[in-house]
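Student: pasted the sequence and its predicted model underneath.
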Amino acid sequence: MAWFPSNRDAPGSAGSLVEQESYIPSHEGSMVYFNVDDIEKSLSSVTAYGGKVLYPKRNIGEFGYVAHFEDSEGNRVALHSDH
């Protein structure tokens, strides 16, 4: 289990990442985007911990940048950054 803490005085949301036998990793269905300061640094951490980059950092114009990766359990996750 992993926790995503929040600060009531700052933007963002809290949450958790939970593993359970009935939860099946997938590339289908909804995809969660996490806002990060540095996509390249985050993707380096992904690969260092057994994940793989599915969609490298890409410019999406006025909306910033995105990237997609597969975590070490097989879930598809996305990153967003303003720069």
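Tutor: Thanks, I have it.

Student: from what I can see residue 2 touches residue 16, true?
Tutor: Yes: Residue 2 is in contact with residue 16 according to CB atoms under 8 Å; the separation is 6.5 Å. For the C-beta atoms, the positions are set from N, CA and C on the backbone; glycine is no exception.

Student: report the longest strand in the protein, please.
Tutor: strand 52-59 (DSSP state E).

Student: that one packs against which elements?
Tutor: Packed against strand 52-59 by the contact rule (3 or more CB pairs under 8 Å, 6 or more residues apart in numbering; DSSP states H and E) you find helix 39-48, strand 65-70, strand 76-81.

Student: if residue 2 is in a bridge, with which residues?
Tutor: Beta-bridge partners of residue 2, counted by DSSP bridges, are residue 17.

Student: distance check, it against residue 56.
Tutor: Residue 2 sits 24 Å away from residue 56, going by CB to CB, to the nearest Å.

Student: show me which of these two is the more surrounded one.
Tutor: Set residue 2 next to residue 56 and count neighbours by other CB atoms under 10 Å: residue 56 wins out with 13 against 8.

Student: now that one. Nearest residue, chain neighbours left out?
Tutor: residue 67 (5.9 Å; CB to CB, 6 or more residues apart in numbering).

Student: need the contact list for that neighbour.
Tutor: Going by CB atoms under 8 Å, 6 or more residues apart in numbering, residue 67 touches 39, 42, 43, 53, 55, 56, 57, 58, 78, 79.

Student: right, I'll call it a day here.
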